[in-house]
Each structure stands twice: as structure tokens, then as C-alpha cells.
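Trainee: following is a predicted model, sequence given first.
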Amino acid sequence: MKFHIEPAIFEEVPDFKVAIIHYNSTTVSDSPQMLKGRLQLFQEQLFFELEELSMNEIEGIWEWRNIWKALGADPTRYRPSAEALYRRVSKQDYLKSHSSAIDLNTLFSLQYGIPSGMYNREILIGDIRITTGLAEDGYDGLNGRFNSLHNILILKDGYSPFGSPYVDSVRSAITEETTEILHVLFLRPTMSVEEAQSLANACGTMFTSINGGEASATILYAGNPSIEAADLPPRKSARY
């Protein structure tokens with residue numbers, strides 16, 4: 001399996017970058033109380049911070065709004081997922097616990113102010129491209145409706161689109177039967193590659209400390225726009 005960012009992305013956003021984290025032999029289950037409590041507490045703290053801030057004052061939000069505009073999408077109509085989460089928290093519409101994988105994904109997105117997606121690697125087919133959606137691209141999303149993805153940044157395998165920093169698909173959703181996961185952090189362009197790698201490693205360590213298994217991470221950017229999955233060396237982590 002190969003991960004590849006289409007060159008057209010860099011023409012519009014030269015510093016575009018994502019972190020690809022591969023989790024293998026992991027176990028998804030109900031979240032431990034520690035994680036449930038941390039997710040709830042972080043949202044409560046963030047609510048008070050957001051009372052003093054506009055969305056455009058949050059680095060990850062305005063950077064992703066700019067990416068949306070550069071690629072031809074309307075960020076006021078199709079909000080990047082991190083902004084949608086922040087807006088829920090600002091209304092005290094806190095996200096409830098879902099599973100040990102999804103709760104961590106939500107926490108990472110809120111904590112770093114960036115879109116973050118986890119995908120069931122076992123159902124993906126062939127190579128994966130990070131590209132912008134065409135007029136015919138779309139899927140049934142986790143928001144409960146069919147989503148058109150025209151000019152929206154998407155992840156696309158050999159079958160169809162399956163993920164996006166807008167909303168993810170039902171097809172690639174994580175369940176408690178999932179043992180192999182692709183985790184994509186849609187990073188801020190202003191973040192250096194070194195900072196990005198450190199962040200990805202930290203996320204991988206936290207995930208495997210709760211869910212077990214192995215994690216490996218790499219950063220895709222203009223200087224390294226593709227990688228073979230076989231080139232990702234596993235990093236073992238003991239499970240608590």
C-alpha cells in the first residue's frame with residue numbers, strides 16, 4: 001500500500017503536510033475511565049477558553065480555513081472537522097465517549113486544533129491518494145447523510161473516497177473488531193516537519209499505551225510526498 005499526496009495540492013498549499021500513523025495488532029474497546037474523564041475535562045476547560053476567543057484567533061482553525069479556500073471550498077459552508085468540534089464545545093454540546101480509539105481521535109483534534117481521522121485499514125483497497133474531490137465524489141458520512149466532496153480534500157483508495165478533514169465515511173469507520181488502523185493528522189502548514197514528527201510520535205505512543213499493539217509514523221510533505229506502508233517501521237508499546 002502506497003500513500004501519496006497529489007502534486008496539485010502543493011501548487012495551492014506549498015507547506016501542506018500530514019502525519020500518517022499506522023496501528024497494528026491493536027484492540028479497540030470501551031474507553032477506560034481515565035480517558036473518558038480526560039476528554040470531558042478538556043472540553044470543559046476549552047469551553048471557558050473559547051468564551052474569550054473568536055474562531056479566527058485559533059491557529060489551527062484559521063490555517064485550515066485558508067487551506068479550504070486555496071483548494072476551492074467554502075469554509076463557512078463545509079467546515080473543517082476541528083472547527084466543527086470547537087463550535088460544539090463552545091455551545092457546551094460536549095462529545096460523549098464512543099470507544100478507546102475514537103475518544104483519542106477526538107481528544108487529539110481538540111488538543112491540537114487540527115482535523116484528525118482514524119480509518120479501518122482492513123477494508124481499504126490498493127494505494128491511497130490525498131487529493132481534492134471531483135464533482136462525482138461523495139459518500140455516506142458519519143454525520144448521518146450523503147456528503148458531496150467537490151473541491152474538498154479527500155483520502156481515496158482504489159475503490160472510492162473514504163475520509164476527509166471535513167467528515168469521514170461510514171465505509172472506513174472504526175469498530176471494536178478493527179485491529180489495524182490508519183490515523184491521519186491533517187497538520188497545520190506552519191508546523192515544521194520536526195514538530196510534526198514529534199507530535200505524531202506522541203500520539204502513537206498515547207494510542208498504543210491504551211489500545212496496545214504497535215505504532216509507526218511518518219510525515220508526508222512536499223519533500224516527501226509518498227511512502228510505502230512497508231517502509232513504516234513498527235514501534236512496540238506495552239499496554240497498560
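Mentor: Now that the structure is in, tell me what you want to look at.

Trainee: how about the nearest residue to the most centrally placed residue in the chain, chain neighbours excluded?
Mentor: For the chain, the residue whose C-alpha lies nearest the mean C-alpha position (CA atoms, centre = their mean) is Ser116; its distance is 1.7 Å. Nearest residue to Ser116 in three dimensions, chain neighbours excluded: Ser109, at 4.1 Å (CB to CB, 6 or more residues apart in numbering). Where you see a C-beta, it was placed from the backbone N, CA and C, and this is true even at glycine.

Trainee: just the element for the one you found, please.
Mentor: Per DSSP states H and E: Ser109 is located in helix 100-112.

Trainee: that helix - contacts with which helices or strands?
Mentor: The helices and strands touching helix 100-112, judged by 3 or more CB pairs under 8 Å, 6 or more residues apart in numbering; DSSP states H and E, are helix 33-50, helix 81-90, strand 116-120, strand 181-186, helix 193-211.

Trainee: let's see that with 6 Å instead.
Mentor: Taking 3 or more CB pairs under 6 Å, 6 or more residues apart in numbering; DSSP states H and E as the contact definition, the neighbouring helices and strands of helix 100-112 are helix 33-50, helix 81-90, strand 116-120, helix 193-211.

Trainee: run through who's touching it.
Mentor: 28-29, 31, 35, 39, 82, 85, 95, 97, 116, 118, 174, 203, 207, 210-211 (CB atoms under 6 Å, 6 or more residues apart in numbering).

Trainee: pull the most distant pair out of the residues you listed.
Mentor: In these, two members sit farther apart than any others by CB to CB. They are Ser29 and Ala82, at 25.4 Å.

Trainee: which one of those two has more residues nearby?
Mentor: Ranked by neighbour count (other CB atoms under 10 Å), Ser29 and Ala82 place Ala82 first, with 22 against 13.

Trainee: per-residue confidence for that one?
Mentor: pLDDT for Ala82: 96.

Trainee: ok, now Leu53?
Mentor: According to the per-residue confidence, Leu53 scores 89 in pLDDT.

Trainee: check the one 4 residues further on too.
Mentor: We have a pLDDT of 89 for Glu57.

Trainee: contacting residues around it?
Mentor: Applying CB under 6 Å, 6+ apart, one finds that Glu57 lies in contact with no residue.

Trainee: can you pull up the bridge partners for Met118?
Mentor: The residues listed as beta-bridge partners of Met118 by DSSP bridges are His183.

Trainee: now do the residue of the chain positioned farthest from its centre against Thr205, distance only.
Mentor: Among the residues of the chain, the one whose C-alpha is farthest from the average of all C-alpha positions is Glu52, by CA atoms, centre = their mean at 26.2 Å. With distances taken as CB to CB, to the nearest Å, Glu52 is found 32 Å from Thr205.

Trainee: cool, and Ser172?
Mentor: 24 Å.

Trainee: so the two - more neighbours on which side?
Mentor: Set Ser172 next to Thr205 and count neighbours by other CB under 10 Å: Ser172 wins out with 25 against 13.

Trainee: that one reaches Asn120, doesn't it?
Mentor: Yes. Shown here, Ser172 and Asn120 form a contact pair, counting by CB atoms under 6 Å, at 5.3 Å.
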